[in-house]
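Peer 1: next one to model:
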Amino acid sequence: MINVSEAFRLLVEAITDTNDGFYRVVYAIYRELQCGTLHPDAPFFEASVALDHPEVAALMASDVLAIRPVQLYAVKSEAGYAFYLAHDALSVKHLHSSRFHDTTTIINAKRLLYTSFTLAATGETISPYDFRHRVPQLPYYLGRAEEGQYVLYR
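Peer 2: The predicted model follows:
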């Protein structure tokens, strides 16, 4: 058991790609409010909550808070790789197929999510991890790069 102020501190630290901590803290506070353990007239930030609930895994799997992590996906072709930001491989497959009329296998490239790429058109260096907050909608085509290179061409 930890107090709510500590839970909020963890919440801020825990908003990561897996969102495990986010779900744990939000669900713990929700559950305590539902059970009546947290009261509006009591000091909220001093109240204690338990973060280990087995229900969290099911909540994460169903994505009830709609905060699925954005992943980096790659599609290999003879010209190199096409990179996409998306929640799932199926949406990338549809976008890639409609854009290039190609049904190549989609690769989860999340290990490259923290790598820096250079946009050939502007010369701007971006990290897909940071750039994901600037995209208008998902899935998003980042560009293509030759194998072993980190310059994206649109």
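
Peer 1: from residue 125, how far out is residue 144?
Peer 2: As defined by CB to CB, to the nearest Å, residue 144 lies at a distance of 17 Å from residue 125. Every residue, glycine included, has its C-beta placed from N, CA and C.

Peer 1: tell me which element residue 95 falls in.
Peer 2: Secondary structure assignment for residue 95, by DSSP states H and E: helix 89-100.

Peer 1: taking the mean pLDDT, what do you get for the helix ranked longest in the chain?
Peer 2: Longest helix in the chain, counting residues (DSSP state H): helix 20-35. Mean per-residue pLDDT for helix 20-35: 78.

Peer 1: would you list the phi and psi of the residue nearest to residue 120 when sequence neighbours are not counted?
Peer 2: Closest residue to residue 120 in three dimensions, ignoring its sequence neighbours and counting by CB to CB, 6 or more residues apart in numbering: residue 153, at 4.7 Å. Note on residue 153: its backbone torsions stand at phi -110, psi 140 [degrees, to the nearest 10].
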